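*Asks:* I'll drop the sequence and a predicted model, then ask my questions.
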Amino acid sequence: MKLLIKNGRVIDPASGTDKTLDILIDRKKIAAVGSKINDKTAKVVDAAGKVVAPGFIDMHVHLREPGYEHKETIATGTLAAAAGGFTSVACMPNTSPINDNPGVTHSILTEAKRSARVNVLPIAAITRESAGEELTEMVNQAKAGAVAFSDDGRPLTNNQLMRRAMEYSQMLETTIIDHCETPDLSAGGVMHEGDYSYQFGLKGIPSSSEEVMVARDIILAESTGVGIHLAHLSTRGSVELVRRAKAKKIPVTAEVTPHHLLLDDSLLEHYDTNLKMKPPLRDKKDVQSLRKAAKEGVIDVIATDHAPHTPDEKEVEFDQAPFGIIGLETCVSLILDRLVREGILPLSRFIEMISSAPARILNLTDKGKIQPGADADLTLLDLNREVIVDVFAFRSHSRNSPFHGWKLKGAPEMTIVGGKIVYHC
Amino acid sequence: MAFNHKHLLGIQSLSAQDIRTILDTAESLSEISSREVKKVPILRGKTIINLFYEASTRTRSSFELAAKRLSADISNFSKATSAVVKGETLKDTILNLEAMNIDAIIMRHASSGSPHFVSSFCSSHVINAGDGTHEHPTQALLDALTIQQEKQTFKDLKVVIVGDILHSRVARSDLYLLKKLGAKVVLVGPPSLVPPAFKKYGAQIDYNFDRAIEDADVVMMLRIQLERQKRIYFPSLSEYHELFSLTPQRFSRAKHDAIIMHPGPINRDVEISTDMADSAKSVILKQVENGIAVRMAVLYLLLGGKEREITD
Amino acid sequence: MEDKVKAKIMDSRKIKRSFHRMTHEIIERNRDLNNLVIVGVRTRGVFIAHRIQGLIQEFEGIEIPVGVLDITLYRDDFSDPTEQHIVKKTEIDFSIDKRDVLLVDDVLFTGRTIRAAMDSLIDLGRPKSIQLLVFIDRGHRELPIRADYVGKFLPTSRRERVKLQMKEIDNKDEVLIIEPAGTKQE
Ligand SMILES: [Zn+2]
Ligand SMILES: [Zn+2]
């Protein structure tokens, strides 16, 4: 079946395109891109006044299945992703069991085939049980479908092991993603260490907890020559380290979440556990630095770190609440309204950070671009539609978002995955 | 002079006028405790829960006596006697208590911000009796009442607070309160226990007790907890004692009419020498006595009278 | 929302005469003046108490002790629910056990203030007797309470307010009837 998307403003960062074009989709692939394409056999989508972008890829989500289906499932998480404008999500291995063997990867992909709205790209663990002691069978996991490796949430502190993992991964077209945290600096911490943590009487997580590991990873990337991707950077110190590494052509890439671009630690005065995540919300200077780094390309990717928890788990004392917030259904509107519309991040740069950049880092050669032969994954945006975030209307199983009630302008209009419309607002 | 708060969560949310209202009310109420019949009927029919997740006989009893002297009914719930041990969440515990038609919850909890969390969903008055390392507002108020009785004014008083500032909710509440009333506050202790962030809240910081105590009007010693501070924050108690304990020699550098305070319970000869704790300059027992008056004032101001319009 | 003065009922001369008369009645009735103590109800009752004390001293040469009673904590009629009642100190630095207590207030109306004052006195000790002096009795009692000494009976409507102004705080002595702008009651 064919789909013809007409008169949209096509923005394709991979080719530097930004003009009104038609896109013809034939089954799962893009068949043609040009002006005034006509095909009487195709179903026509009128995209006039809308932005057409390569399908958005969230390279950092927690789908919670298997093991924590009360928080989220592959079905609900991908439903949320589709509604949020995402055509692919890469899911972290901290499920139960942990995705540290080809069997788990296989079962995730099987369930995805059955129930997922969007492409599910499993990320496997670097070490068994993510315990930081022994390597997993990385080659076999890649064969089973793992697109990257990470011990997200369980910082890999053993430097030798990280080095060996990086070396070993050279046999593969995959990336290692590191959650940068130094446990003995962050131990017991529940928010950013700074003026506010002392005021609120909450134990702090110092910026150095992240920066020590960012520095370590950069040093290992330089000495091994193997690339590494740094998840959810949060501090200006990390930004500086990455900036210098990139200037020296060290193969390092980095990501940032919408919440670290928009929120800071002063907001924790009401002890709202929906503002508790790792890394924690940092201070205002950090936010400024992250925004600048995103604009300048020091940070490559925007990813949500979508981390569902149930209300029961979150409605507890601040220091006892689990870390993490969800982001799939708010990310696009938040960035469009608060950064793009405000002139802080150009629209094409945003689209690059959320489509072509993650595709490049995850080696998804047929994704993140709009050209004949590429996968027919597209995200349509309406820059003028106004939405009010309503956590009770989320498709996600959970509603642990600090953005409830926010009024935002700009939203996903349509999500197309493999030539099929999976979401239309 | 109206006190328009529903809860007492911390000193930070009070104005200087609010603090003065509490202190004036406490002064008026203090006489009741010296009567033969130590009871007035104003809170008759009100039900108050003392919910103590951390053991603290002193603060709990002080609140209990304060409530009883105002004729309120008060019940004690501790972590051990509640369903918490059976895994009940704080929210469920509170909802169960509220189902019993209570009017106020006095809460002591190890998690900073837990009274704020409770106040976000519960309809009773919430009184913070100490939350984690955040605030202990009634302790600061009783300290203030004591200082007011001894010094009449707060303006330009030099108050030196010594000890584990980092983990002290008392130090935080005292700092906020004393700054609101115009005092000068110097925080003293080893740098690992006195974060510079407190400068933002108006404190001066000094790591040298001998220098800081010069011309002090009030010297407030904090309890050093032996359990927590093993070698991460300072190497040994004897070194701590040498640098930061209150001895007669050190105290002689303060103003001649300076007073000694301590929120208790004291570790004799650790942060304070026995002769200092028992000296005529010590107002430690006066603080305990004032605790009841201040807590009566807080209970009266929050629960006394009919429903008022609450602005906070 | 301005209160309006409807009438001036007494001036300082008349007020002085009432004080003299009441003092003579007190002296007549209390043979053992040495057993008498006076307790004034805040605020104006305290000034009345001190005037009575002065007059007894003048007439008989005996100094009667005066105490101050704050009844906020005994009230059952928070008349204005939007207003926080400020608690002031009760200051009675003598024992009232076995004494004849002269309780003094400015205006007697529903009787609830006096009920609260008596409850408070009884919590403070066991007096031999309690006598009540009010400067104005304006009727409309809700409790079975009667004053032993009255400066002036002044039947009024419920809506009106009666105000005893005293030079100690109001700069001059006078009794006014006031028409409140709202429906506030004393
Ligand atoms: Zn992480
Ligand atoms: Zn994560």
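*Replies:* Yep, that arrived. Since this is a predicted model, take the numbers as computed values, not measurements. Residues are numbered from 1 along each chain as shown, chains lettered A, B, ... in the order given. Ligands and ions are numbered 1, 2, ... in the order given.

*Asks:* can you map out the helices along the stretch 101-250 of chain B?
*Replies:* In the stretch 101-250 of chain B, the segments counted as helices under DSSP state H, counting those that start in this stretch are B:114-119, B:137-151, B:169-180, B:209-212, B:237-244, B:248-251.

*Asks:* per-residue confidence for residue B:82?
*Replies:* With respect to pLDDT, residue B:82 has a value of 64.

*Asks:* format the helices of the stretch 101-250 of chain B as TSV; extra columns: distance to residue A:136.
*Replies:* C-betas here are computed from N, CA, C, even on glycine. Conversion of these to TSV gives the following (distance: least, CB to CB, whole Å):
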stretch	distance to residue A:136
helix B:114-119	39
helix B:137-151	52
helix B:169-180	45
helix B:209-212	55
helix B:237-244	47
helix B:248-251	60
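
*Asks:* worst average pLDDT in those helices?
*Replies:* Ranked by mean pLDDT, the helices of the stretch 101-250 of chain B end with helix B:237-244 at the bottom, a mean of 91.

*Asks:* packing partners for that one?
*Replies:* Taking 3 or more CB pairs under 8 Å, 6 or more residues apart in numbering or on different chains; DSSP states H and E as contact, there are no helices or strands that helix B:237-244 lies on.

*Asks:* in the stretch 101-250 of chain A, what residue is nearest ligand 1?
*Replies:* When scored by CB to the ion, the stretch 101-250 of chain A has residue A:179 as its residue closest to ligand 1, at 3.5 Å.

*Asks:* any low-confidence regions in the stretch 51-200 of chain B?
*Replies:* For the stretch 51-200 of chain B, the stretches with pLDDT under 70 are B:81-85.

*Asks:* for it, which residue gets nearest to chain C?
*Replies:* residue B:70 (7.4 Å; CB to the nearest CB).

*Asks:* I'd guessed that residue sits against residue C:73; true?
*Replies:* Yes. Between residue B:70 and residue C:73 there is a contact under CB atoms under 8 Å: 7.4 Å.

*Asks:* need the contact list for the residue of the stretch 51-200 of chain B closest to chain C.
*Replies:* Going by CB atoms under 8 Å, 6 or more residues apart in numbering or on different chains, residue B:70 touches B:39-40, B:42-43, B:296, B:299-300, B:304, C:73.

*Asks:* recalculate using a threshold of 7 Å.
*Replies:* Neighbouring residues of residue B:70 by CB atoms under 7 Å, 6 or more residues apart in numbering or on different chains: B:40, B:42-43, B:296, B:299-300.

*Asks:* mind checking how far the residue of the stretch 101-250 of chain A closest to ligand 1 is from residue A:96?
*Replies:* Distance, residue A:179 to residue A:96, using CB to CB, to the nearest Å: 18 Å.

*Asks:* pick out whichever of the two has more residues nearby.
*Replies:* residue A:179 (23 against 12; other CB atoms under 10 Å in any protein chain shown).

*Asks:* ligand 1 contacts on chain A?
*Replies:* A:152, A:179 (CB under 5 Å from the ion).

*Asks:* domain ranges for chain A?
*Replies:* Domain assignment for chain A, taken from automatic domain parsing, gives A:3-51+A:375-424, A:55-361.

*Asks:* closest to chain B out of the ones you listed?
*Replies:* Chain B lies closest, by CB to the nearest CB, to one member of those: domain A:55-361, at 2.9 Å.

*Asks:* is ligand 2 within reach of the closest one?
*Replies:* Yes. On the criterion CB under 5 Å from the ion, domain A:55-361 is in touch with ligand 2 at A:152, A:305.

*Asks:* pretty sure residue B:128 contacts residue B:137?
*Replies:* Yes. Counting by CB atoms under 7 Å, residue B:137 is a contact partner of residue B:128 at 5.7 Å.

*Asks:* these two: which is more packed in?
*Replies:* It is residue B:137, of residue B:128 and residue B:137, that has more neighbours when counted by other CB under 10 Å, with 32 against 28.

*Asks:* any idea how far that one is from ligand 2?
*Replies:* According to CB to the ion, to the nearest Å, residue B:137 and ligand 2 sit 38 Å apart.

*Asks:* distance of that residue from residue C:93?
*Replies:* Computed as CB to CB, the residue B:137 to residue C:93 distance reads 32 Å.

*Asks:* with residue B:233 instead?
*Replies:* 51 Å.

*Asks:* again, but for residue B:254
*Replies:* For residue B:254, the distance to residue C:93 equals 34 Å [CB to CB].

*Asks:* mind checking which of these two has more residues around it?
*Replies:* Between residue B:254 and residue C:93, counting by other CB under 10 Å, residue B:254 is the more crowded of the two (22 against 8).

*Asks:* assign that one to helix, strand or coil.
*Replies:* coil (DSSP: H, G, I helix; E, B strand; the rest coil).

*Asks:* nearest residue to the residue most central in space within chain A other than its sequence neighbours?
*Replies:* Taking CA atoms, centre = their mean, the centroid of chain A lies closest to residue A:303, which sits 2.2 Å from it. Leaving out its chain neighbours, the residue that sits closest to residue A:303 by CB to CB, 6 or more residues apart in numbering or on different chains is residue A:60, at 3.7 Å.

*Asks:* swap in residue B:222?
*Replies:* Nearest residue to residue B:222 in three dimensions, chain neighbours excluded: residue B:163, at 3.1 Å (CB to CB, 6+ apart).

*Asks:* likewise for residue A:243?
*Replies:* Spatial nearest neighbour of residue A:243, excluding adjacent residues (CB to CB, 6+ apart): residue A:298 at 4.8 Å.

*Asks:* next, the one you found: phi, psi?
*Replies:* Main-chain torsions, residue A:298, degrees, to the nearest 10: phi -70, psi -40.

*Asks:* in the stretch 151-300 of chain B, what residue lies closest to chain A?
*Replies:* Residue nearest to chain A within the stretch 151-300 of chain B: residue B:197 (4.1 Å; CB to the nearest CB).

*Asks:* report the contact partners of that residue.
*Replies:* A:194-195, A:198.

*Asks:* any residues of the stretch 101-250 of chain A in contact with chain B? List them.
*Replies:* Neighbours of chain B within the stretch 101-250 of chain A, by CB under 7 Å from any CB of the partner chain: A:194-195, A:198-202.

*Asks:* which one of the residues you listed sits closest to residue A:128?
*Replies:* Nearest to residue A:128 out of these is residue A:202 (CB to CB; 33.5 Å).

*Asks:* residues of the lengthiest helix in chain B that come out buried?
*Replies:* Longest helix of chain B, by residue count under DSSP state H: helix B:284-303. Neighbour-count burial for helix B:284-303 flags B:284, B:286-303 (criterion: 16 or more other CB atoms under 10 Å in any protein chain shown).

*Asks:* so what's the most centrally placed residue in chain C bridging to?
*Replies:* Central residue of chain C (CA atoms, centre = their mean): residue C:105, 0.8 Å from the mean position. For residue C:105, the beta-bridge partners are residue C:134 (DSSP bridges).
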